[in-house]
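Asker: pasting the structure only:
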């Protein structure tokens, strides 16, 4: 075996080293309840993740597109850029979580939070760089299982425990659909490599059901209509910081992977026009229905959940382009969406920590009490709504 191929996985290995350092720190350091400090200061995970992100841009780490392990692992500069975007979003989430993790009931669990988040990020790394359905599924599960623990992080809150139960059940169901779809695709082609499957796909019954089950499973992961029913309850019950992470980071990674698979695998199929048309109808339904339901919401987290469903439609719209320009547009849109959405969730987290308020009606008169937060929230919502001249336009 050529162990030099592991060098192409320097991003994953670097992130794994960060997780191990945090694990050792969590193992040997104790929380200080008197000072309100956890097992370690927020600076440690932030500095480690920032250093990990910077390492990705060293000249020795920005090689041309290549592959390793027989094509199971793919490496391109665009993948490095997307991983760095996800890193920046995770850094923002860590900063947002500082005050929430300083609560007495969260001090002991502080290390767990950082490691769970980074394990989900590691799973997304493998999803993004996968060139094989097995590698993709392993990364997907590595991202999904820790995310369930994050959703149910406040286990003493009924809403959080309920959200965790719903999330794990839907995650299992969608994973089962994905596996059935992948197994049918394997039965029709005899291979699981993206590059080979795209050439061998035909219009057989196995192919049709395999594609349908796979795209349905991904629809649950991205929260597309009509596979979105879990989203609002999960977003409402999960801690606000986790909701922000779930709505941006995981959704963006899943959209990029869907783009990669649709382009490399399904675009060469004779059924391309059929599923392309069907996906456009799903996109229209996601954007329209989610916005109509958002109007009726009073809880701000449920409102943002339906906003995330609508934004997922726009993300997949870039996916359907299936070109290099579409991939560039997806990364740019994800960056703008990340800044706008995490900015809104940062305001929500700050207000919830200080007053416990989370309903839309509670924000009446916010400008009189805190003009800066009101101004930031306005900018973020205008950008999410696509109002010119904001970046979301």
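Answerer: Happy to help now that I have it. Everything numeric here is computed off the predicted structure, so don't read it as measured data.
Asker: where along the stretch 251-393 of the chain do the strands fall?
Answerer: Under the criterion DSSP state E, counting those that start in this stretch, the stretch 251-393 of the chain carries no strands.
Asker: what's the weakest-modelled helix or strand in the chain?
Answerer: strand 66-68 (a mean of 75; mean pLDDT, DSSP states H and E).
Asker: Residues touching the very next helix or strand once past it, excluding its own?
Answerer: Next helix or strand after strand 66-68 toward the C-terminus (DSSP states H and E): strand 73-75. Contact partners of strand 73-75, identified using Cβ atoms under 8 Å, 6 or more residues apart in numbering, comprise 5, 8-9, 63, 65-68, 129-131, 135. C-beta: built from backbone N, CA, C; applies to glycine.
Asker: residue ranges with poor pLDDT in the stretch 201-350 of the chain?
Answerer: Low-confidence segments of the stretch 201-350 of the chain (pLDDT under 70): 267-274, 319, 321-324.
Asker: residue ranges for the helices of it, please.
Answerer: According to DSSP state H, counting those that start in this stretch, the stretch 201-350 of the chain carries its helices in the segments 205-222, 231-237, 240-245, 251-261, 272-295, 300-321, 324-355.
Asker: Residue 28 is nearest to which of those helices?
Answerer: helix 240-245 (25.6 Å; Cβ to Cβ).
Asker: could you dump the contacts of strand 73-75 to TSV with distance to residue 384 and neighbour count?
Answerer: As requested, the contacts of strand 73-75 are exported to TSV (distance: Cβ to Cβ, whole Å; neighbours: other Cβ atoms under 10 Å):
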residue	distance to residue 384	neighbour count
5	41	15
8	36	19
9	35	18
63	36	14
65	33	10
66	37	11
67	37	16
68	38	18
129	29	27
130	30	22
131	34	22
135	33	21
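Asker: so which two of the residues you listed are the farthest from each other?
Answerer: 63 and 135 (19.6 Å).
Asker: just to revisit the earlier point, for the contacts of strand 73-75, give me CSV that also has distance to residue 119.
Answerer: Formatted as CSV, those follow (distance: Cβ to Cβ, whole Å):
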residue, distance to residue 119
5, 23
8, 21
9, 16
63, 26
65, 27
66, 26
67, 25
68, 22
129, 16
130, 17
131, 22
135, 16
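Asker: got the contact list for the least confident helix or strand of the chain?
Answerer: The contact list for strand 66-68, computed with Cβ under 8 Å, 6+ apart, reads 5-6, 8-9, 73-75, 131.
Asker: go with 6 Å
Answerer: 5, 8, 74-75 (Cβ atoms under 6 Å, 6 or more residues apart in numbering).
Asker: same deal with stretch 84-95?
Answerer: Identification of contacts with stretch 84-95 by Cβ under 6 Å, 6+ apart yields 45-46, 49, 53, 56, 121, 245, 248-249, 335, 338, 342.
Asker: again with stretch 224-241
Answerer: So stretch 224-241 is contacted by 96-97, 100, 151, 153-154, 159-160, 162-163, 166-167, 170, 219-220, 223, 243, 282, 285-286, 289, 299, 301-302, 305, 309, 312, 348-349, 352 (Cβ under 6 Å, 6+ apart).
Asker: returning to what we had before: with respect to burial, which of the helices of the stretch 201-350 of the chain scores highest?
Answerer: helix 240-245 (a mean of 27; mean count of other Cβ atoms under 10 Å).
Asker: contact partners of the strand or helix carrying residue 198?
Answerer: Following DSSP H and E, one finds residue 198 within helix 194-200. Residues outside helix 194-200 that contact it (Cβ under 6 Å, 6+ apart) are 131, 189, 191, 264-265, 268.
Asker: can you rerun that using 10 Å?
Answerer: 67, 71-72, 74, 130-133, 135-136, 182, 185-186, 188-191, 193, 207, 210, 260-269 (Cβ atoms under 10 Å, 6 or more residues apart in numbering).
Asker: neighbouring strands for the least confident helix or strand of the chain, and are they parallel or not?
Answerer: Note on strand 66-68: by DSSP bridges, its sheet partners are strand 73-75 (antiparallel).
Asker: pLDDT averaged over the partner strand - what is it?
Answerer: Averaged across strand 73-75, pLDDT comes to 84.
Asker: Taking their axis directions, the helix or strand just after it and helix 324-355 sit at what angle?
Answerer: In the C-terminal direction, the helix or strand that comes right after strand 73-75 (DSSP H and E) is helix 77-96. Put simply, helix 77-96 runs at 10 degrees to helix 324-355, going by axes from the mean of the first three to the mean of the last three Cα atoms, to 10 degrees.
Asker: Residue 82 contacts residue 333, doesn't it?
Answerer: No. If you go by Cβ atoms under 10 Å, residue 82 and residue 333 don't touch, sitting 11.8 Å apart.
Asker: list the residues that contact both of these two?
Answerer: By Cβ under 10 Å, 6+ apart, the residues touching both residue 82 and residue 333 are residue 252.
Asker: in the stretch 51-200 of the chain, which spans are helices?
Answerer: 77-96, 98-101, 110-128, 133-151, 158-189, 194-200.
Asker: From those, pick the one with the highest average neighbour count.
Answerer: Sorting those by mean neighbours (by mean count of other Cβ under 10 Å), the first place falls to helix 110-128, with a mean of 23.
Asker: list the helices and strands that one packs on?
Answerer: The contact analysis (3 or more Cβ pairs under 10 Å, 6 or more residues apart in numbering; DSSP states H and E) places helix 110-128 against helix 10-28, helix 43-55, helix 77-96, helix 98-101, helix 133-151, helix 240-245, helix 251-261.
Asker: Redo those as JSON lines? Include distance to residue 116.
Answerer: Listed next are those as JSON lines, based on distance: least, Cβ to Cβ, whole Å:
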{"stretch": "helix 10-28", "distance to residue 116": "10"}
{"stretch": "helix 43-55", "distance to residue 116": "12"}
{"stretch": "helix 77-96", "distance to residue 116": "12"}
{"stretch": "helix 98-101", "distance to residue 116": "12"}
{"stretch": "helix 133-151", "distance to residue 116": "4"}
{"stretch": "helix 240-245", "distance to residue 116": "9"}
{"stretch": "helix 251-261", "distance to residue 116": "16"}
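Asker: Sounds good, over and out.
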